[in-house]
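> predicted model and sequence follow; I will ask about them next.
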Amino acid sequence: TKVTILMRVKVAFFSLPKEALSYFGVSDFNKLFDKLEAPSANSSVNGRDVQIQQKVEAVADGWKQKYLTSPLFDKYIRKSIADTGSLPPSRPQKKRRLGLIGAFNQWITLSRRYFEVLLKDKLTLFILLAQAPAIAFLTFLAVGSRQPRDFLYFVVALVAFWFGTSVAAREIVREKPIYRRERMVNLGILPYLGSKLLILGIIVAFQCILLFVPLKLFDFIGLNPMPGDLLGLPQFWIMLLTAAVGIAAGLLVSSIVRTSEMATGLVPLILIPQILLSGIVGVPAGAGRVAGMIMPAAWSFDAIKRFSSLDTLQPEGADPRGKTKGLGLFKSIEKENDAAIEKFRDDMEEFKKAARAYMSDPLNNPTPIEPEIGELKKIPEDLSKFVTFLHPWMNEILDQIVLIAMFAVLTIATAAPSQAISGGRLP
């Protein structure tokens, strides 16, 4: 098996794969392609720069001339032509469709290759995985053990989305030259995107584990409550679902932008609306409530709170069967205190009547006893068994359906720009 390496549609190398590395003076094929694409990387910033284009053409011509004068050309090209004589003109071949089996095999191959490439950058992997426990510890320091659990659950939802978006935002744009080249030899868009989703999904899943487990450990040992049904497993499922939406959003950004720097700059613009419109600042109202419907973090935040089975401080989302009877803690205490005050007023009126009767005829009327209002209820200092509210337009099932739909829509939307990059059809 021999390999052909082209640069600007010029043959830069044709020989055995093992001879390519020594010929170009590199240690692996990633560095080989980086060496060939170094001039064109600059041209992608401003493709209309004539001088850069001429430089790229000159470099391509240089590699071509070097190969034409190399022993490899005589061995594999000149000798083959001499042995076989004149060849008939080749006919253009139609691009074959992959088919289901071919697409699956290609997805496995691309996933394995992508994983091996990422595994080589061990420092970056370490930083990605170390972020999660660091964030868990900082969250433990920031969230008081007696506060409502809203901020804790919001961190879990937002960070899961951020994990996915940040890790995926540059993964397509930085591979555009390789992607275009491999699309010419039947690279499928769906296997390509599938390999990204699989490997990035594995990395982000580990990040979610390293965030969730320390927070649950703080809960189990009583340092910082994080209530959740079934040991928090439904909440962890929502984390994974949110991270998947984040990966899809990051890949969409990566397929649209022209440079990795632009992709990195867009990530904060995606995250800021998640913070402002997801409900952490209070019950959404007006236009903010409507805008929050397109924020993945809003649906994730609501689902994680609902799977905690905690009652609410505000009436929105309060459990009608809970202790607050659908009023929320604040309104429930207010209602009970209002009832106690109203009863005290009625008792005072009765006391005044009895006092007047006693004063007019003390022999025939009992001595009236002055009523006491009793101790009014106060808001407890420990609010860790409550969340502030649950979104009035959401519920556990709908939250998950919307997140899955968001993932599907973003993934499909990513395929269109990826198709446009290569100018090919969707296999």
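Perfect, thanks for sending it. These figures come from a predicted structure and were not determined experimentally.

> residues near residue 357, how many?
Residues contacting residue 357 under the criterion other Cβ atoms under 10 Å number 14. The way it works is simple: take the backbone N, C-alpha and C, and place the C-beta from them, glycine included.

> go ahead and confirm it touches residue 367.
No - the criterion here is Cβ atoms under 8 Å, and residue 357 misses it with residue 367 at 10.8 Å.

> which residues do those two both contact?
In the contact map built from Cβ atoms under 8 Å, 6 or more residues apart in numbering, no residue is linked to both residue 357 and residue 367.

> name the SS class of the nearest residue to residue 394 once chain neighbours are set aside, please.
Spatially, and ignoring its direct neighbours in sequence, residue 394 is nearest to residue 302 (4.5 Å; Cβ to Cβ, 6 or more residues apart in numbering). Classification of residue 302 using DSSP: H, G, I helix; E, B strand; the rest coil returns helix.

> leaving aside the residues adjacent along the chain, what's closest to the residue positioned nearest the centre of the chain?
The centroid of the chain falls nearest to residue 246 when counting by Cα atoms, centre = their mean (2.2 Å). Closest residue to residue 246 apart from its sequence neighbours, by Cβ to Cβ, 6+ apart: residue 164 at 2.4 Å.

> same check on residue 102?
Spatial nearest neighbour of residue 102, chain neighbours left out: residue 188 (7.8 Å); criterion: Cβ to Cβ, 6+ apart.

> count the residues that sit near the one you found.
21.

> now swap in residue 14 and tell me
Neighbours of residue 14 under the rule other Cβ under 10 Å: 19.

> neighbouring strands for the helix or strand containing it, and are they parallel or not?
For residue 14, the host element (DSSP states H and E) is strand 10-15. With DSSP bridges as the test, strand 10-15 is paired with strand 3-7 (antiparallel).

> can you pull the buried residues of the partner strand?
Applying a neighbour-count criterion of 16 or more other Cβ atoms under 10 Å, one finds 5, 6, 7 buried in strand 3-7.

> okay, the residues you listed in a markdown table with distance to residue 133 and pLDDT next?
Formatted as a markdown table, these follow (distance: Cβ to Cβ, whole Å; pLDDT from 0 to 100):
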| residue | distance to residue 133 | pLDDT |
| --- | --- | --- |
| 5 | 43 | 84 |
| 6 | 46 | 82 |
| 7 | 45 | 79 |
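
> helix or strand right after the helix or strand residue 305 falls within?
In the assignment (DSSP H and E), residue 305 maps to helix 296-306. Next along the chain after helix 296-306, taking DSSP H and E as the criterion, comes strand 311-312.

> please enumerate the helices of the stretch 1-150 of the chain.
If DSSP state H, counting those that start in this stretch is used as the criterion, the helices of the stretch 1-150 of the chain fall at 17-24, 29-43, 50-68, 71-73, 79-84, 99-120, 122-142, 150-168.

> using JSON lines, lay out these together with mean neighbour count and distance to residue 261.
Output for these, formatted as JSON lines (neighbours: other Cβ atoms under 10 Å; distance: least, Cβ to Cβ, whole Å):
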{"stretch": "helix 17-24", "mean neighbour count": "14", "distance to residue 261": "28"}
{"stretch": "helix 29-43", "mean neighbour count": "15", "distance to residue 261": "12"}
{"stretch": "helix 50-68", "mean neighbour count": "15", "distance to residue 261": "18"}
{"stretch": "helix 71-73", "mean neighbour count": "14", "distance to residue 261": "38"}
{"stretch": "helix 79-84", "mean neighbour count": "10", "distance to residue 261": "45"}
{"stretch": "helix 99-120", "mean neighbour count": "14", "distance to residue 261": "20"}
{"stretch": "helix 122-142", "mean neighbour count": "14", "distance to residue 261": "17"}
{"stretch": "helix 150-168", "mean neighbour count": "25", "distance to residue 261": "14"}
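
> that'll do, ta.
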